[in-house]
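In: Got a predicted structure plus its sequence, pasted below:
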Amino acid sequence: MIIKAFLFDLDGVLTDTSELHFLAWKRLAEEEGILFTREDNEALRGVSRRESLNLLLKGRQVSEEQAREMMERKNSYYVELVRQMTPANLLPGALEMIEEIRRLGLKQAIVSSSKNAWLVLERLQIGEFFDAVIDGNSSARSKPYPDLFLLAAQAVGVNPGNCLVVEDAQAGVEAAHAAGMKALGLGPRERVGAAELVFPSLESHSANEVITFFEGL
Ligand code: B16
Ligand code: MG
């Protein structure tokens, strides 16, 4: 496989906002008298805001209006935390990799389920590196559906078969495969083991090494 574009997930790949999502959901859960642990939070990784709320409610029935209010409340807590982010919140190896991809002249895009992706990119000061930003506002169907990745391929003008997805979530790897793309998974195998290649993180890995690995597939 020849890689012509890298499609990066944002949360959990270039920065670790999952802790901030956790703190915001936990604050909402406490206000609603629901137990929500760090372990519960793992299931929310890469999943849309709506689906995250469903998981947090653990079967508790709420009206559409209540659900909307809860999502807004959680989001205001989350945005409050994101506003405090700086470029120091980039994960180790992230900046080196996107700089290298730019030097190599390949396309790169952000593909995030988050509706706050632009705000996060702004805080990290890396928006200028990307040829396209596809986020939770781009399509009604989020990961594990392939829609966001297919939109990104179209936006950068590269066939899905030449796009390599970098993901930290099972839902994201599933979405990549559904889009006909291969994936580099970051994190434990039990989470991203379906990816063709798995690294603990981007630290100490180069884009060139990834390109060479996938050339052999
Ligand atoms: P928001 P990703 C995902 O982003 C997060 O991993 C997930 O935990 C979150 O619920 C989702 O975005 C929606 O985020 O509430 O900000 O719209 O990993 O696809 O970059
Ligand atoms: Mg993610």
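Out: Received it, and whenever you're ready, just let me know what you need. Ligands and ions are numbered 1, 2, ... in the order given.
In: for whichever residue of the chain sits closest to ligand 2, what are its contacts?
Out: At 3.6 Å from ligand 2, residue 12 is the closest residue in the chain, using CB to the ion. Every C-beta, even on glycine, is put in place using the N, C-alpha and C of the backbone. Going by CB atoms under 8 Å, 6 or more residues apart in numbering, residue 12 touches 18, 45, 46, 168, 169, 186, 187.
In: which residues in this structure form strands?
Out: 5-8, 107-111, 132-134, 163-167, 182-186, 197-199 (DSSP state E).
In: Partner strands of the third one and their direction?
Out: Strand pairing for strand 132-134, determined by DSSP bridges: strand 107-111 (parallel).
In: what's the partner strand in contact with?
Out: Contacts for strand 107-111 (CB under 8 Å, 6+ apart): 4-10, 14, 98, 101-102, 117, 121, 129-135, 148-149, 152, 155-158, 165.
In: Of those residues, which are in range of ligand 1?
Out: Contacts with ligand 1 are made by 9, 10 out of the contacts of strand 107-111, judged by CB under 6 Å from any ligand atom.
In: So which of the contacts of strand 107-111 are in helices?
Out: 98, 101, 102, 117, 121, 148, 149, 152, 155, 156 (DSSP state H).
In: quick one: contacts for the second one?
Out: Applying CB under 8 Å, 6+ apart, we find residue 101 in contact with 6, 108, 129, 207.
In: Just the buried residues of the residues you listed.
Out: 6, 108, 129, 207 (16 or more other CB atoms under 10 Å).
In: how about the longest helix seen in the chain: buried residues?
Out: What stands out as the longest helix in the chain, according to DSSP H, is helix 64-82. The neighbour-count check on helix 64-82 (16+ other CB under 10 Å) flags 70, 71, 74, 75, 77, 78, 82 as buried.
In: Those: which two are farthest apart?
Out: The largest separation in those, counting by CB to CB, is between 70 and 82 at 18.5 Å.
In: related to what we said a few turns ago, farthest pair within the ones in helices among the contacts of strand 107-111?
Out: That would be 102 and 148, which, of the ones in helices among the contacts of strand 107-111, are the farthest apart (CB to CB) at 22.0 Å.
In: okay, the two: which has more neighbours?
Out: residue 148 (26 against 16; other CB atoms under 10 Å).
In: The more buried one reaches residue 178, doesn't it?
Out: No: using CB atoms under 8 Å, residue 148 is not in contact with residue 178; the gap is 10.7 Å.
In: on contacts alone, who are the packing partners of the longest helix of the chain?
Out: Packed against helix 64-82, as judged by 3 or more CB pairs under 8 Å, 6 or more residues apart in numbering; DSSP states H and E, are the following elements: helix 18-31, helix 49-57, helix 117-124.
In: Please enumerate residues in contact with that helix?
Out: 17, 20-21, 23-25, 27-28, 31-32, 49-50, 53, 62, 115-116, 119-120, 123.
In: what about burial for those, which qualify?
Out: 17, 20-21, 24-25, 27-28, 49, 53, 115-116, 119-120, 123.
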